[in-house]
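Chemist: give me a model of this one.
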Amino acid sequence: MTAKYDVIVLGAGPNGLEAAAYLSKAGLKVCVLERRFESGGGLATEEVTIPDFYHNTHANYMMMVDYAPVYKDMELEEKYRCRHVLPSLVVALPLSDGGSIGIYNDLEMTCKSIAQFSQRDADSYRELYHLAEKCVDLFIAPATYVPPTPVLDQLVALQATEIGKTILEYSERTAVDIVNEYFENEHVRALMLFLGCHWGVRYDMAGIGYLVLLYINRASNYRLCLGGSHTVAQALNKIVHENGGVVLNNQRVKRILTENGTATGVELNDGSVIEVEKAIISSLDPAQTFLKLVGPDNLDGEFVKKIEGWQWENYSLLGLHLALEEPPIFKAAETNPEMNQAFMYVLGYETPEELIADWDAIGQGELRENNNIYACFPSVHDPSMAPPGRAVGYINQMVPYELKDGAEKWLDYRFRQAHAEKCLSTLQRYAPNITGDKVMEKFISTPVDVENKFADMVKGSFKQGAYHVFQMGYLRPNEECSTTRTPVGNLYLAGSSCYPGGCVIWGPGYLAANAVAEDLGVSKWWKEPEIVTRAKKEGLL
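Modeler: The predicted structure is shown next:
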């Protein structure tokens, strides 16, 4: 059986669906092929515990809703009911003594909270907040939605402006250095170091310090998608079909067909062929795309070496999803009732040394006894996620993929259950009402489970590859592919392994759609984002 489309998209995760939606709406005949039975990738909302308890099993904290062009371009809120809530108290750090620090979406409320511990730190936070906001608004956010510039060219452009010089300065600094410069109180330092590091930036890593500014800025802007994260995936899926495209699930791609160095279609495991007229967009990782599907024999030897050198993260996440009899009541709420209404809770990281020790343990393949976690209870902000009076909980813990006893240890039933109980005990220290009898059911997701569920998250690497200076910017995944175009004709990349990176920031899919439209001479129905136009006028892009 042979079918033919203008564009084939491999992978129906957020970036694949985004690219498909843009191009199908531009009049191209698009086919999306997804290995799993459900589209959406990390935009997953599932009943993994008890029916009527809905869990965001991967993406939960939506950090770029206010910047990503896809929301406005696709009218996701107006036409497709993709609504997000921005809680007043976005991040909370409850303390063992009943105190707490809160990061609010209101700057002055945050400063008031910090001032309980240090007026100097409150003033420093205000200063850092404004600095990070300016850097994100003028450059970091706009740069997310334009192709990367070669390293030297970008350096020259940034050095020509004051804000550019600031970004370059902070890029060379580590998270711990930035935090220690601004803050003196150990609890405030702990929270700020967590916020600057917890999406995969090691506390002592230099070269990508601009991400610390981004993450601290975004910490007061995390949003929850009402109805579950999968709501966004459903909307994009619908847009593809409304415009004559198709999204096919349970499709196993055997190889990408090439002729004279140009992609011509794909062959599925059942032997059927889908031909392509104009472009193939892969939202898969580089190893799958080039080594498995294109094949090393069809690629330049030096390029193959670059792909083979791609580094995955050993850092991953343990996920514990809970169906609860009732929402948690935090001890810290006795002095600040809003503590029961936070979006994200940071639990156990009361000093920066705790976070540093966890990062060091991860590098050694170890799990510390402290079991520090961060948690969210989405039904507090979206009652539709659980039956009346009940609650859903989501606990994450930073853990190594490769344990000292081997990654397969994560599959040991007794080990994973025992470790999940330790994480639950951390929650109970801060919210003592969540006793064992209040946990109706739990679902555990380890790094190995993530890898088995998503083939492009090797070693549980939920950003499709480590974040370090040689795998970011124009080098993500390498100089030949970071603009989404590849050495294989008609083949483009759109996954988190490509610039600008992962965490559902809506960059790779948007850039792939732009590149394909430009290369094909297709008229874009969408406009350049205003933030991009402004950054170009300022000479930053």
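
Chemist: use CA for all of it now, contacts and neighbours both
Modeler: Fine.

Chemist: show me the contacts for residue 282.
Modeler: Applying C-alpha atoms under 8 Å, 6 or more residues apart in numbering to residue 282 gives the contacts 9, 10, 11, 16, 289, 491, 492, 493, 494, 495.

Chemist: please identify the one among these that lies nearest to residue 479.
Modeler: Nearest to residue 479 among the contacts of residue 282, counting by C-alpha to C-alpha, is residue 493 at 12.7 Å.

Chemist: which residues does that closest one contact?
Modeler: Contacts of residue 493 (C-alpha under 8 Å, 6+ apart): 281, 282, 283, 284, 481, 484, 485, 486, 508, 512.

Chemist: in strands only, show me those.
Modeler: 281, 282 (DSSP state E).

Chemist: ranking the contacts of residue 493 by neighbours, who comes first?
Modeler: Highest neighbour count within those, by other C-alpha atoms under 10 Å: residue 508, with 33 neighbours.

Chemist: grab the nearest non-local neighbour of that residue.
Modeler: Spatially, and ignoring its direct neighbours in sequence, residue 508 is nearest to residue 494 (4.7 Å; C-alpha to C-alpha, 6 or more residues apart in numbering).

Chemist: isn't that neighbour right up against residue 506?
Modeler: No: using C-alpha atoms under 8 Å, residue 494 makes no contact with residue 506, being 9.8 Å away.

Chemist: now for the two: what residues contact both?
Modeler: In contact with both residue 494 and residue 506: residue 15, using C-alpha under 8 Å, 6+ apart.

Chemist: neighbour count for the two, which is higher?
Modeler: Per other C-alpha under 10 Å, whichever of residue 494 and residue 506 has more neighbours is residue 494, with 37 against 28.

Chemist: and the pLDDT at that one?
Modeler: Among the per-residue scores, residue 494 shows a pLDDT of 97.

Chemist: and residue 286, by the same measure?
Modeler: The per-residue pLDDT reported for residue 286 equals 94.

Chemist: quick one: contacts for it?
Modeler: 307, 310, 477, 497.

Chemist: could you do residue 458 as well?
Modeler: Applying C-alpha under 8 Å, 6+ apart to residue 458 gives the contacts 312, 451, 464.

Chemist: nearest to residue 89 among these?
Modeler: Among those, and counting by C-alpha to C-alpha, the member closest to residue 89 is residue 464, at 30.3 Å.

Chemist: is the closest one in a helix, a strand, or coil?
Modeler: Three-state assignment for residue 464 (DSSP: H, G, I helix; E, B strand; the rest coil): coil.

Chemist: mind splitting the protein into its structural domains?
Modeler: Domain assignment for the chain by automatic domain parsing gives 2-42+229-310+463-537, 61-105+314-457, 120-220.

Chemist: next one, pLDDT for residue 1 please.
Modeler: Looking at residue 1, its pLDDT stands at 51.

Chemist: kindly apply the preceding question to residue 50 instead.
Modeler: Predicted confidence (pLDDT) for residue 50: 98.

Chemist: next one: the one 10 residues further on
Modeler: Predicted confidence (pLDDT) for residue 60: 96.

Chemist: for burial, what's the neighbour tally of it?
Modeler: By other C-alpha under 10 Å, the residues close to residue 60 number 24.

Chemist: tell me if I am right that it is in a strand.
Modeler: No: according to three-state DSSP, the state of residue 60 is coil, so it is not within a strand.

Chemist: of the contacts of residue 282, which belong to helices?
Modeler: In helices, defined here by DSSP state H, the members of the contacts of residue 282 are residue 16.

Chemist: let's have the contacts of residue 282 in a markdown table, adding distance to residue 178.
Modeler: As requested, the contacts of residue 282 are exported to a markdown table (distance: C-alpha to C-alpha, whole Å):
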| residue | distance to residue 178 |
| --- | --- |
| 9 | 41 |
| 10 | 40 |
| 11 | 38 |
| 16 | 35 |
| 289 | 38 |
| 491 | 40 |
| 492 | 37 |
| 493 | 34 |
| 494 | 32 |
| 495 | 30 |
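
Chemist: between the contacts of residue 282, identify the one with the most neighbours.
Modeler: Counting neighbours by other C-alpha under 10 Å, residue 494 comes out on top of these with 37 neighbours.

Chemist: mind listing what that one touches?
Modeler: With contacts defined as C-alpha under 8 Å, 6+ apart, residue 494 is in contact with 15, 16, 19, 281, 282, 283, 284, 484, 508, 509, 511, 512.

Chemist: could you dump these to JSON lines with distance to residue 80?
Modeler: What follows is those, written out as JSON lines (distance: C-alpha to C-alpha, whole Å):
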{"residue": "15", "distance to residue 80": "18"}
{"residue": "16", "distance to residue 80": "18"}
{"residue": "19", "distance to residue 80": "17"}
{"residue": "281", "distance to residue 80": "25"}
{"residue": "282", "distance to residue 80": "26"}
{"residue": "283", "distance to residue 80": "24"}
{"residue": "284", "distance to residue 80": "27"}
{"residue": "484", "distance to residue 80": "28"}
{"residue": "508", "distance to residue 80": "22"}
{"residue": "509", "distance to residue 80": "19"}
{"residue": "511", "distance to residue 80": "23"}
{"residue": "512", "distance to residue 80": "23"}
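
Chemist: farthest-separated two in those residues?
Modeler: It's 284 and 511 that sit farthest apart of the contacts of residue 494, by C-alpha to C-alpha, at 15.0 Å.

Chemist: low-scoring stretches of this structure, by residue?
Modeler: Counting by pLDDT under 70, the low-confidence segments of the chain come to 1.

Chemist: hmm, back to that, top of the contacts of residue 458 by neighbour count?
Modeler: Greatest neighbour count in the contacts of residue 458, by other C-alpha under 10 Å, goes to residue 464: 27 neighbours.

Chemist: and that residue, how close does it get to residue 72?
Modeler: Distance, residue 464 to residue 72, using C-alpha to C-alpha, to the nearest Å: 27 Å.

Chemist: with residue 114 instead?
Modeler: On the measure of C-alpha to C-alpha, residue 114 and residue 72 end up 35 Å apart.

Chemist: who has more neighbours, those two?
Modeler: Set residue 114 next to residue 72 and count neighbours by other C-alpha under 10 Å: residue 114 wins out with 24 against 15.

Chemist: I figured that one hits residue 124, correct?
Modeler: No: look at residue 114 against residue 124 with C-alpha under 8 Å: they stay out of range, at 9.9 Å.

Chemist: in helices only, show me the contacts of residue 493.
Modeler: 508, 512.

Chemist: let me have the contacts of residue 493 in CSV, extended by distance to residue 240.
Modeler: Converted to CSV, the contacts of residue 493 look like this (distance: C-alpha to C-alpha, whole Å):
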residue, distance to residue 240
281, 15
282, 17
283, 16
284, 19
481, 26
484, 21
485, 22
486, 24
508, 18
512, 16
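
Chemist: closest one of the contacts of residue 493 to residue 93?
Modeler: residue 508 (32.6 Å).

Chemist: report the contact partners of the closest one.
Modeler: Taking C-alpha under 8 Å, 6+ apart, we find residue 508 in contact with 15, 484, 493, 494, 495, 496, 498, 499, 500, 501.
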